[in-house]
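>>> Structural data only, the sequence is not supplied:
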């Protein structure tokens, strides 16, 4: 289960037809045509017709080589096609052409994160929030990257800003809770997980996380209820199956733990092996927060 939720923002139209039409010279025709290709590409992207979207975005760039918006959208289309190196190149071009392009910085950060270059991802997300201080998604992504670096206190600060900017974002509340858990602020983690569930009642990951916190406080009845709720929402949720099995072992309910193992072995072999070790080899297991 991923600890954080990464968000890329694609296909924002940052030029408008009305603004372009006010330029009364021959250059305006080129810009308008590039803009129309941009819109055509976005139409195809929304329809998941990515190859057609590529053609349209490239035409926009051919007509307007400094069109940062088109490079951003081209990068996101390459990413959707799994052509990640080309996505990186296009997004780098977008921010080179327009250094204050917050959306492109955020998208570039997501591509760096995907490529495993977390330090460059952090720098890109930093640039996104510098140029757009109310950018909740970029703060969330910055928190995710900082968490990956083990900087949980810095991550928590980023998630707090995401939640402040977008109070109804359940995923950001959960991300903040997970960072709070890592820094030992368990009571605050409880608060944020409960808010995440209030905002998103079918949030099975948050129920699983809440179960771990209850177990840490020796509230095993509540932990069981949370895990059962998580599995009621998503019956094949591997993390909750493992945690339920591990919790049943601590409660000396070996038969019920075996039942969870038999379900889990068809879903996640790694977690199943870990649970097997607890059941049949007497290994001490703890519930996993992620």
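All right, it came through fine. Here the structure is a predicted model, which means the values were calculated and not measured.

>>> all contacts plus neighbour counts: C-alpha atoms, from now on.
Will do.

>>> List the residues that contact the closest residue to residue 257 other than its chain neighbours.
Nearest non-adjacent residue to residue 257, counting by Cα to Cα, 6 or more residues apart in numbering: residue 245, 4.1 Å away. Going by Cα atoms under 8 Å, 6 or more residues apart in numbering, residue 245 touches 256, 257, 258, 259, 260, 261, 275.

>>> Please apply the same query to residue 123.
Counting by Cα under 8 Å, 6+ apart, residue 123 makes contact with residue 109.

>>> State the helix or strand in which it lies.
Taking DSSP states H and E as the definition, residue 123 sits inside helix 118-131.

>>> Name the residues of that helix that come out as buried.
Using 16 or more other Cα atoms under 10 Å as the test for burial, helix 118-131 gives 118, 120, 121, 122, 123, 124, 125, 126, 127, 128, 129.

>>> Please pick the buried ones from the contacts of residue 245.
For the contacts of residue 245, a neighbour count by 16+ other Cα under 10 Å gives the buried set as 257, 258, 260, 261, 275.

>>> What is the nearest of these to residue 227?
Proximity of those to residue 227 was ranked by Cα to Cα; the top entry is residue 260 with 11.8 Å.

>>> ok, now how distant is the nearest residue to that closest one once chain neighbours are set aside from residue 213?
Nearest-residue entry for residue 260: residue 245, 5.4 Å, with adjacent residues in sequence omitted and distances by Cα to Cα, 6+ apart. Distance, residue 245 to residue 213, using Cα to Cα, to the nearest Å: 16 Å.

>>> Likewise for residue 207?
According to Cα to Cα, residue 207 and residue 213 sit 10 Å apart.

>>> circling back: next helix or strand past the helix or strand hosting the residue nearest to residue 257?
In this structure, residue 245 sits in helix 238-250 according to DSSP H and E. Sequence-wise, the next helix or strand downstream of helix 238-250 (DSSP H and E) is helix 254-264.

>>> from the middle of its chain, how far away would that next one be?
A distance of 31 Å separates the C-alpha centroid of helix 254-264 from that of its chain, computed with Cα atoms, centre = their mean, to the nearest Å.

>>> Could you figure out how far that helix is turned away from helix 238-250?
Interaxial angle of helix 254-264 relative to helix 238-250 (axes from the mean of the first three to the mean of the last three Cα atoms, to 10 degrees): 160 degrees.

>>> From the contact counts, what lies against helix 254-264?
For helix 254-264, the packing partners by 3 or more Cα pairs under 8 Å, 6 or more residues apart in numbering; DSSP states H and E come out as helix 238-250, helix 269-280.
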